[in-house]
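Novice: Provide a 3D model corresponding to the input given below.
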Amino acid sequence: MSRLVMKFGGTSVANIERIRNVARHVKREVDAGHEVAVVVSAMSGKTNELVAWCTEASPMHDAREYDAVVASGEQVTSGLLAIVLQGMGIQARSWQGWQIPIKTSEAHASARIEGIDGSEIIKRFKERKEVAVIAGFQGIEPKTNRITTLGRGGSDTSAVAVAAAVKADRCDIYTDVDGVYTTDPRIVPKAKRLDKIAFEDMLELASQGAKVLQVRSVELGMVHNMPIFVRSSFDKPEDIDPHANQPPGTLICSEEEIMESHVVTGIAFSKDEAQISVRQIEDKPGVAASIFGPLADANINVDMIVQNVSEDGKTTDLTFTVPAADYTRAKDTITAAKGKIGYARLDTATDVAKISVIGSGMRSHAGVAAQAFSALAGRNINIRAITTSEIKFSVLIDAAYTELAVRTLHTLYGLDQA
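Specialist: Predicted structure coming up:
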């Protein structure tokens, strides 16, 4: 017998019929003798509707009341799934975040989980064979006893945190895709599903644009060494053998569990980028701080940074990227600090894309990035900026060349299916 946490996203619980399908997945694991906790998202589109209502009620609404409203979507889903499971003869009950409790920080709308007491759920596993149906995305701030939410995609984080708290053997994330692919199959039809991927590689893929998993959920999995299994909720429940070593999907695990890692694991891309170039700044100590300090104060994340020094060594150009959603704020922030920075001109671009090549195997192979630069040059794709790390490098290019660049690199590194 093993202990499983099963997480189902919004599309998997979009209506009562799909909730019944989820219940059949749960029943399959219960019948196989597993102890099961289920974490659910709100029905597809429901959170957006609730957020819109808050904004319509008042554009400058209280974040604490916002959390009280938007957390209700998961409350509905957890109750409905518990009702359906009970109708199938399965002992089940719903849990809200505050009932467990899932304790969080006090940053409403983007709280972080600080602790979970899984003892009562474990006790009910043992004494009642009871399935816990848990509302994802939410918790409680202990000082004020107010409901908090974890930010968009927070149900993935809830699931992995619950899995760690109840000492589960695995956390299964059921979604509308059947695993993690080498890149987006809609862009590259030859992309292949990975049977296994290391936590580090998945963390980079998620943070660089792959939308399969929320970044914080992968971080938690890595910290607690909790295997995460990404699989499709649309596979027929009765067609899956619950005793199989690995049904269809992708296992995210420690690098030691992967027999042979490829040089490149996958390619991620993001079109939600904006480029800002600050021209002809006096080249002196503190100039970078005068630019990035105000951006940090405005909670704007800066990604790629490139600095060029002029021939006379007196001035410098600084180019960086920010999320497209923060572009206007970033531009206004730099403009407001012009007197302190002392730049001559500000150039910006929003028609850019970031392509990231990721793989733990890069640690022991030289020239991986150089191959990409040569291949992109062969396609007449200009590189605007480059950043590198131990297991990843990213290039910034014109957005119009995104699909061509992804396909070119996917083939270059042998990721196309044989």
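Novice: wait, doesn't Ala71 sit right on Leu150?
Specialist: No: using CB atoms under 8 Å, Ala71 is not in contact with Leu150, being 9.8 Å away. C-beta coordinates here come from the backbone N, C-alpha and C atoms, glycine included.
Novice: common neighbours of the two, please.
Specialist: Any residue near both Ala71 and Leu150 by CB atoms under 8 Å, 6 or more residues apart in numbering counts here, and that gives Phe137, Gln138.
Novice: give me the more crowded residue out of the two.
Specialist: Neighbour count, other CB atoms under 10 Å: between Ala71 and Leu150, Leu150 has more, with 30 against 24.
Novice: I'd say that one and Ala135 touch.
Specialist: No: applying CB under 8 Å as the test, Leu150 and Ala135 come out as separate, 11.3 Å apart.
Novice: check which helices and strands the lowest-mean-pLDDT helix or strand in the chain sits against.
Specialist: Least confident helix or strand, the chain: strand 305-309 with a mean of 83, by mean pLDDT, DSSP states H and E. Counting contacts by 3 or more CB pairs under 8 Å, 6 or more residues apart in numbering; DSSP states H and E, strand 305-309 packs against strand 315-323, strand 385-389.
Novice: just name the most buried of those.
Specialist: strand 315-323 (a mean of 20; mean count of other CB atoms under 10 Å).
Novice: that strand - what's its average pLDDT?
Specialist: The average pLDDT within strand 315-323 is 90.
Novice: in the stretch 1-150 of the chain, which spans are helices?
Specialist: 16-31, 46-57, 63-70, 72-87, 119-128 (DSSP state H, counting those that start in this stretch).
Novice: quick one: closest of those helices to Asn145.
Specialist: Closest to Asn145 of the helices of the stretch 1-150 of the chain is helix 63-70 (CB to CB; 11.0 Å).
Novice: contact partners of the closest one?
Specialist: By CB under 8 Å, 6+ apart, helix 63-70 touches 47, 50-51, 53-54, 108-109, 138, 144, 146-149.
Novice: between those residues, which has the most around it?
Specialist: Counting neighbours by other CB under 10 Å, the top entry in those is Thr148, with 30 neighbours.
Novice: Val194: what's it in contact with?
Specialist: To be clear, residue 194 is Leu; Val isn't right here. Gly179, Val180, Tyr181, Thr182, Thr250, Thr265, Gly266 are the contacts of Leu194 under CB under 8 Å, 6+ apart.
Novice: show me what counts as buried in whichever strand or helix holds Ala296.
Specialist: Counting by DSSP states H and E, the element that carries Ala296 is helix 287-297. Using 16 or more other CB atoms under 10 Å as the test for burial, helix 287-297 gives Val287, Ala288, Ser290, Ile291, Phe292, Pro294, Leu295.
Novice: who does that helix touch, helix- and strand-wise?
Specialist: Judged by 3+ CB pairs under 8 Å, 6+ apart, helix 287-297 is in contact with strand 266-282, strand 315-323, helix 327-336, helix 338-341.
Novice: kindly recompute the last result at 6 Å.
Specialist: Judged by 3 or more CB pairs under 6 Å, 6 or more residues apart in numbering; DSSP states H and E, the packing partners of helix 287-297 are helix 338-341.
Novice: okay, the helix it packs on in CSV with CA atoms only?
Specialist: Provided in CSV are the C-alpha atoms of helix 338-341 (Å, rounded to 0.1, in the frame of the first residue of the first chain):
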residue,chain,number,x,y,z
LYS,A,338,16.2,60.0,-15.0
GLY,A,339,17.7,62.8,-13.0
LYS,A,340,19.5,60.3,-10.7
ILE,A,341,20.6,57.9,-13.4
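Novice: who touches it?
Specialist: By CB atoms under 6 Å, 6 or more residues apart in numbering, the residues outside helix 338-341 that reach it are Ser290, Ile291.
Novice: and the angle for the helix holding Ala296 with helix 327-336?
Specialist: Angle of helix 287-297 versus helix 327-336, following axes from the mean of the first three to the mean of the last three CA atoms, to 10 degrees, is 130 degrees.
Novice: start the count at 27 instead of 1 going forward.
Specialist: I'll keep to 27 as the first residue from here, and by that count the last item is helix 313-323.
Novice: okay, helix 313-323 in PDB with CA atoms only?
Specialist: Provided in PDB are the C-alpha atoms of helix 313-323 (Å, rounded to 0.1, in the frame of the first residue of the first chain):
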ATOM      1  CA  VAL A 313      25.000  53.400 -11.900                       C
ATOM      2  CA  ALA A 314      23.500  49.800 -12.000                       C
ATOM      3  CA  ALA A 315      22.100  50.300  -8.500                       C
ATOM      4  CA  SER A 316      20.500  53.600  -9.600                       C
ATOM      5  CA  ILE A 317      18.600  51.700 -12.300                       C
ATOM      6  CA  PHE A 318      17.800  48.400 -10.700                       C
ATOM      7  CA  GLY A 319      17.100  49.800  -7.100                       C
ATOM      8  CA  PRO A 320      14.000  51.700  -8.100                       C
ATOM      9  CA  LEU A 321      12.800  48.600 -10.200                       C
ATOM     10  CA  ALA A 322      13.200  46.400  -7.100                       C
ATOM     11  CA  ASP A 323      11.300  48.900  -5.000                       C
END
